[in-house]
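**Student:** here is my input, please return the structure:
(one chain, ligands or ions: 1)
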Amino acid sequence: MRKVFNFNAGPAMLAEEVLDQAQKEMLDWHGTGMSIMELGHRGAEFKEVTDQAESDLRELMTIPDHYQVLFLPGGATAQFAMVPINLMAANKHADYIDTGIWSKKAIDEAKRYGDVNIAARLVVEDELVSIPSQDTWSLNPHASYVHFTPNETIDGVEFHKLPETNGVPLVADMSSNILSRPINVSDYGIIYAGAQKNIGQAGITVIIIRDDLVRDPLPGMPTLYSYPLHVAQKSFYNTPPVYAWYIAGLTFAWMKRQGGVKHFAEVNQRKSEKLYRFIDEHKEFYINSIHPSCRSRMNVPFNIVNKNLIDSFLNEAAESGLTNLRGHRLSGGIRASMYNAMPEIGVDALINFMREFAKKNG
Ligand SMILES: *Cc1c(COP(=O)(O)O)cnc(C)c1O
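**Tutor:** You can find the predicted model right below:
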């Protein structure tokens, strides 16, 4: 076992089995005498890797046949532009739900290509942040799509109920909670997710797109920002990030061996429940200001009532093998990110540390 539990928000902890396998295969992938990084991306060997990755992801998420799966570089940030460039060609109006820092980045990018209506924003009631109930949203029935961020990685806000859009395609930036619980892919028009949180290493982005949304982008845009091009070329228009794709594939295979998304959903529920319960039971010392109806199971931001203790909390946690707990530079405080690769014993260790720290400093 490794020496630390890494609570970083992304790039994030990877499963030890995945890293072990990558290490074993590093110098000689499947008897070729070469690393997977050195094989031609158009060769039969690499095709084996990408075909398997796609078929494992399709199985894990039960992706219907009328959805295409793309593996592209550029991160989720490239999708902030690709979505409006590809979906705003016919109608330059889109609805966005603003639930935090990542939503805002997506909104700012979309505004370059068309009219953006912010249909809903986070509200604060009794000092608790929450997602406003859907009957207060101002959705445009003629929007070309509705974009939302199912899990706000920095703010620690997660949707536990699917937005209802009355047939308008729903686009989800699922970067930080894809594969963390079963979803019904047919509820979405497009799902996209950068890999470095719940899938693998930075450098590759998964895009799941319904066939009817693969249509001509706005004119004059960069060639690489076209969904139809990448669908036609099966993500091989130019040289793909081969190693990131390979690591994603190893992670999908590992997830299947562990029992698939259902298994991880159960563990993720338990991990987050026990951490929130502990924080709530120690309100005189720790605070979390997200309403229980929309608390993230993946990223738990919290604070210490006495803010002067934060630095010693972070230093002592690191000395105890609990690393990267510092909150995002924009929000401060503490944040525990616990994606699929974070084992339950890592969260138990964090809670034990928090209990001791509060006892000593309370
Ligand atoms: C991390 C993250 C991003 C940004 O991903 P990049 O790969 O850095 O482009 C976007 N959205 C969400 C929800 C994220 O968690």
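**Student:** just the CA atoms of the longest helix along the chain, as CSV, please.
**Tutor:** Longest helix in the chain by number of residues, with DSSP state H as the criterion: helix 260-281. Extracted in CSV, the C-alpha atoms of helix 260-281 (Å, rounded to 0.1, in the frame of the first residue of the first chain):
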residue,chain,number,x,y,z
GLY,A,260,-18.9,-1.4,-11.8
VAL,A,261,-20.5,1.9,-11.1
LYS,A,262,-23.1,0.5,-8.7
HIS,A,263,-20.3,-0.7,-6.4
PHE,A,264,-18.6,2.7,-6.5
ALA,A,265,-21.9,4.5,-5.9
GLU,A,266,-22.4,2.6,-2.7
VAL,A,267,-18.9,3.3,-1.4
ASN,A,268,-19.1,7.0,-2.4
GLN,A,269,-22.4,7.4,-0.6
ARG,A,270,-20.9,5.8,2.6
LYS,A,271,-17.7,7.9,2.4
SER,A,272,-19.4,11.2,2.0
GLU,A,273,-22.2,10.5,4.5
LYS,A,274,-19.7,9.7,7.2
LEU,A,275,-17.6,12.8,6.6
TYR,A,276,-20.6,15.1,6.5
ARG,A,277,-22.1,13.5,9.6
PHE,A,278,-18.8,14.0,11.5
ILE,A,279,-18.6,17.7,10.4
ASP,A,280,-22.3,18.2,11.4
GLU,A,281,-21.7,16.6,14.8
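**Student:** beyond that helix, next helix or strand please.
**Tutor:** Using DSSP states H and E, the helix or strand that directly follows helix 260-281 along the chain is strand 286-287.
**Student:** which other helices and strands contact that next one?
**Tutor:** Using 3 or more CB pairs under 8 Å, 6 or more residues apart in numbering; DSSP states H and E as the contact test, the elements touching strand 286-287 are helix 260-281, strand 299-304. Yep, even glycine has a C-beta here, placed from its N, CA and C like the rest.
**Student:** mind listing the strands it pairs with, and their directions?
**Tutor:** strand 299-304 (antiparallel) (DSSP bridges).
**Student:** so the partner strand versus helix 260-281, what angle?
**Tutor:** In terms of direction (axes from the mean of the first three to the mean of the last three CA atoms, to 10 degrees), strand 299-304 departs from helix 260-281 by 10 degrees.
**Student:** export the helix or strand following strand 299-304 to PDB, keeping only CA atoms.
**Tutor:** Sequence order places helix 310-319 as the next helix or strand after strand 299-304, per DSSP H and E. Output of helix 310-319 as PDB, limited to C-alpha atoms (Å, rounded to 0.1, in the frame of the first residue of the first chain):
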ATOM      1  CA  ILE A 310      -6.200  26.000   9.100                       C
ATOM      2  CA  ASP A 311      -2.500  26.000   8.400                       C
ATOM      3  CA  SER A 312      -1.600  23.700  11.300                       C
ATOM      4  CA  PHE A 313      -4.500  21.500  10.300                       C
ATOM      5  CA  LEU A 314      -3.100  21.100   6.800                       C
ATOM      6  CA  ASN A 315       0.500  20.600   8.000                       C
ATOM      7  CA  GLU A 316      -0.400  18.000  10.600                       C
ATOM      8  CA  ALA A 317      -2.700  16.200   8.200                       C
ATOM      9  CA  ALA A 318       0.100  16.000   5.700                       C
ATOM     10  CA  GLU A 319       2.400  14.600   8.400                       C
END
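**Student:** I'm done for today, thanks for sticking with me.
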